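Trainee: sequence first, then the predicted structure:
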Amino acid sequence: MRKNKIFIILFILNLAFFSIAQAALGDASSSPIALVNESYEITIKDSVKLYDVFNKNVSFILSDALASSSGSILVQKIRDNEVVLPWKLEKISPVYQYEFKNFYNTFQGPVKIVAKYEKNTNFLKKFYFYDKNVSSWRPLPSIEDPFKKTITAISYLPFARVAVFSNPDVLVSGKASWYNYKKGLYAASPDFPGGTRLRVYNLENKKSVDVEVNDFGPNRILHPDRVIDLEKTAFKKLASSNSGLANIFVELISLPAKSEKDHAVNQSVASDLKIKAKSAIVFVENTNRVILEKNASSSLPLASLSKIIAIKTFLDTRPDLNKLVTYKVQDENYNYKYVDYKWQSARLKVKDGDILSVEDLIYSALVGSANNAVETLVRVSGLSRDEFIAKMNENVRIWGASSTNFFEPTGLSPKNVSSVLDYAIITKEVFRNPIIEKASAAKEYVFTTRNTKEKHRIRNTNNLLDTSGFLIKGSKTGYLDEAGYCLMTRASIGKSQNIIVVVFGESSKANSTNETAELIKYGAKRI
């Protein structure tokens, strides 16, 4: 009975985009297609509602109104090399094209499409249809039956090219553990926002429970097969808490209204990734292979991404990380030459005469992007400030970064410029140093000034360290009005491959974070 209610909801959702979809699909006869030698045209008769075609791998179940109409349905299987596939999704069924003939303009639907998937994955599976006007695959409301290994969708489209795809951004099948906090029918999920309603099935005994997401977790890096964690009350509806883990499948019931449009389950997926930043690159560290780029050789301001080269230049002097340094307010005065107001310069909040270690300064510069910490390191490096900056420029020239130049060591000056290709090369060289690798990927750093015993907690400005699902092995953020939002992220793919993603000139911090995450995923699929 509850499945019928869900399909009623699906009917309503389909009606919302039916008129748009009709316009997007255009005239079925306008573009010829190449076909596998499998094509069925079936005359609709009053007594027949269900058609199993292609060895019963796909069915079209007609509404009473359709089943009593005159006309026919043409179903064809399309060759893979004739299909533009979405870059992010994995195709797990053939691509089918269906057309209700003789009443195309008066078609009212609905038609229920049921397909078996050829490859079982643990990720969300949905039917999508191809919108040729925008070169994207758009999702149809779909329900997976993990026991029968089928996907069912409702369509109000008289003509469509459809297929089942798996979405690697949403894990729906795997393990669930339990926790004992905020008792009730609740769950923690890394894929669905708070307020989402899920139906959770035990794959071994078919018991189910409906829960609401009210927390974030589990950590996919530590537990890659963990779908969700259930509050103990909910877990006991499916299995004994003594077992600790259960094999489960989750079905989406509803998303909160604010997430309905933008969540991965409802997003269209283009055939290729469109880069919004002014320039960007996906670079394979081990091989120097460029997977994707946009304006990769254009020199642009790189803002605080300058700091990584400054820290590498300082470390080349072979300092003692435990050496204590006395802070001088003159260090931050260099920073104020490039800002209208002092508060505009990110700084470590220490006072003249405070004592801290070299290591504290390095982490403050890389984790918290503190400009004054960089200038203090320059002062105690043993080089004059001009010599230090010259050494930064000499280093990048040696590494082959010919489009890069530094005017000062922090990145506050828009005269500090590089290209994303140069910066990928720089990143590869700089991250040979394990101190930089560790510090730049630290989520936070805590230290105490030695003279005042004041505690300082510095948090990393790269949100991907918490949300990407990848093992981040290096990062640096940057922003100037002239540079926009810049971000370098170095991610581990598998056991021995690292991808370096650099974006310059994003319009917002959220955009730099989100686009970098997409570029990492893009690179991971093509490495």
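Mentor: Perfect, thanks for sending it.
Trainee: right, and the helix or strand after whatever helix or strand K312 lives in?
Mentor: K312 belongs to helix 306-315 when assigned by DSSP states H and E. Next in sequence after helix 306-315, counting helices and strands by DSSP H and E, comes strand 324-326.
Trainee: who touches that following strand?
Mentor: Residues outside strand 324-326 that contact it (C-beta atoms under 8 Å, 6 or more residues apart in numbering): 353-358, 361, 376, 380, 450. Yep, even glycine has a C-beta here, placed from its N, CA and C like the rest.
Trainee: what's the closest of those residues to V269?
Mentor: Nearest to V269 among these: L361, at 44.5 Å, using C-beta to C-beta.
Trainee: now that closest one: phi and psi?
Mentor: Phi and psi for L361, reported as degrees, to the nearest 10, are phi -70, psi -40.
Trainee: give me the low-pLDDT residue ranges for this protein?
Mentor: Applying pLDDT under 70 to the chain flags residues 1-38, 40, 42-52, 103-106, 467-468.
Trainee: all strands for the stretch 301-450 of the chain, in order.
Mentor: 324-326, 355-357, 417-418, 444-448 (DSSP state E, counting those that start in this stretch).
Trainee: quick one: N433 and I309 touch, right?
Mentor: No. Checked against C-beta atoms under 8 Å, the pair N433 and I309 is beyond contact range at 11.3 Å.
Trainee: show me what contacts the residue nearest to K521 when sequence neighbours are not counted?
Mentor: Nearest non-adjacent residue to K521, counting by C-beta to C-beta, 6 or more residues apart in numbering: K88, 6.6 Å away. When contacts are counted by C-beta under 8 Å, 6+ apart, K88 is found next to 167-169, 269, 273, 518, 521-522, 525.
Trainee: just give me the closest of those residues to S72.
Mentor: Nearest to S72 among these, with distances taken as C-beta to C-beta, is V269, at 31.5 Å.
Trainee: now for the closest residue in space to S507 that isn't next to it in sequence, how many residues are close by?
Mentor: Closest residue to S507 apart from its sequence neighbours, by C-beta to C-beta, 6+ apart: G484 at 6.4 Å. G484 is flanked by 22 other residues according to other C-beta atoms under 10 Å.
Trainee: from here on, count from 8
Mentor: Shifting the count to begin at 8 puts that one at G491.
Trainee: and stretch 95-112, which residues are buried?
Mentor: 95-108 (16 or more other C-beta atoms under 10 Å).
Trainee: ok so, going back, right, and the residue nearest to S514 touches K285 too?
Mentor: Yes. Shown here, G491 and K285 form a contact pair, counting by C-beta under 8 Å, at 6.7 Å.
Trainee: shared neighbours, those two?
Mentor: The contact sets of G491 and K285 overlap at 511-513 (C-beta under 8 Å, 6+ apart).
Trainee: highest neighbour count among these?
Mentor: Neighbour-wise, those (other C-beta under 10 Å) top out at F511, 32 neighbours.
Trainee: host element of that residue?
Mentor: Using DSSP H and E, the element containing F511 is strand 504-513.
Trainee: one more: T520?
Mentor: Element membership for T520 (DSSP H and E) is helix 516-533.
Trainee: what sits up against that helix?
Mentor: With C-beta under 8 Å, 6+ apart as the test, helix 516-533 has contacts from 94-95, 175-176, 280, 282-284, 287, 289, 291, 298-299, 469-471, 474-475, 477, 484, 486, 492-494, 496, 498, 500, 506, 508, 510, 513.
Trainee: pull the CA atoms of it into PDB?
Mentor: Provided in PDB are the C-alpha atoms of helix 516-533 (Å, rounded to 0.1, in the frame of the first residue of the first chain):
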ATOM      1  CA  LYS A 516      34.300  30.300  -1.400                       C
ATOM      2  CA  ALA A 517      31.400  27.800  -1.800                       C
ATOM      3  CA  ASN A 518      32.000  27.700  -5.500                       C
ATOM      4  CA  SER A 519      35.700  27.100  -5.100                       C
ATOM      5  CA  THR A 520      35.000  24.300  -2.700                       C
ATOM      6  CA  ASN A 521      32.200  22.700  -4.700                       C
ATOM      7  CA  GLU A 522      33.900  22.900  -8.100                       C
ATOM      8  CA  THR A 523      37.200  21.500  -6.700                       C
ATOM      9  CA  ALA A 524      35.200  18.600  -5.300                       C
ATOM     10  CA  GLU A 525      33.700  17.900  -8.700                       C
ATOM     11  CA  LEU A 526      37.100  18.200 -10.400                       C
ATOM     12  CA  ILE A 527      38.600  15.700  -7.900                       C
ATOM     13  CA  LYS A 528      35.800  13.300  -8.800                       C
ATOM     14  CA  TYR A 529      36.200  13.900 -12.500                       C
ATOM     15  CA  GLY A 530      39.900  13.200 -12.200                       C
ATOM     16  CA  ALA A 531      39.400  10.100 -10.100                       C
ATOM     17  CA  LYS A 532      37.200   8.600 -12.900                       C
ATOM     18  CA  ARG A 533      39.800   9.300 -15.600                       C
END
